[in-house]
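Visitor: heads up, no residue letters with this:
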């Protein structure tokens, strides 16, 4: 009697998307803490969406971090809902990047690139096992 082991192989793009979302989620938490502490290391955001209200920027970062962490963990556990949340996260990051492109253009360009790669990774692979 032979038993055949069935292995599930997750796409490398989905794993990449999950790791990017988890990494950015943790970094956004650190960023939110610095906003709440009114750190002197923060760029001048007076021309941004929330003007000089750093607590609003902190809340925005916490929201993006929560969405990113949820989607990242869900994708690593092969959750289908994580794909939808991953798309929402990428759209939020792209919107945020266009909001701060005048303040930090290289950061915004890098964030747009990572969000685009996450969208590509989620869209180019199916949700079924290989």
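Guide: Thanks, I have it. The structure presented is a predicted model; accordingly, all values stated were derived computationally and were not measured. Residues are numbered from 1 along each chain as shown.
Visitor: which residue sits closest to residue 70 in space, ignoring its chain neighbours?
Guide: Leaving out its chain neighbours, the residue that sits closest to residue 70 by C-beta to C-beta, 6 or more residues apart in numbering is residue 85, at 5.7 Å. C-beta: built from backbone N, CA, C; applies to glycine.
Visitor: One more: residue 29?
Guide: Take residue 29 and drop its neighbours on the chain: the residue closest to it by C-beta to C-beta, 6+ apart is residue 65, 4.8 Å away.
Visitor: So that neighbour is in contact with residue 30, correct?
Guide: No: under the criterion of C-beta atoms under 8 Å, residue 65 is not in contact with residue 30, lying 9.1 Å apart.
Visitor: ok so, going back, from the contact counts, what lies against the host helix or strand of the residue nearest to residue 70?
Guide: Here residue 85 sits within helix 81-99, counting by DSSP states H and E. Here helix 81-99 touches helix 12-36, helix 54-76, helix 105-123, going by 3 or more C-beta pairs under 8 Å, 6 or more residues apart in numbering; DSSP states H and E.
Visitor: Could you check those helices and tell me which one is nearest residue 91?
Guide: Of all those, it is helix 105-123 that lies closest to residue 91, at 7.7 Å by C-beta to C-beta.
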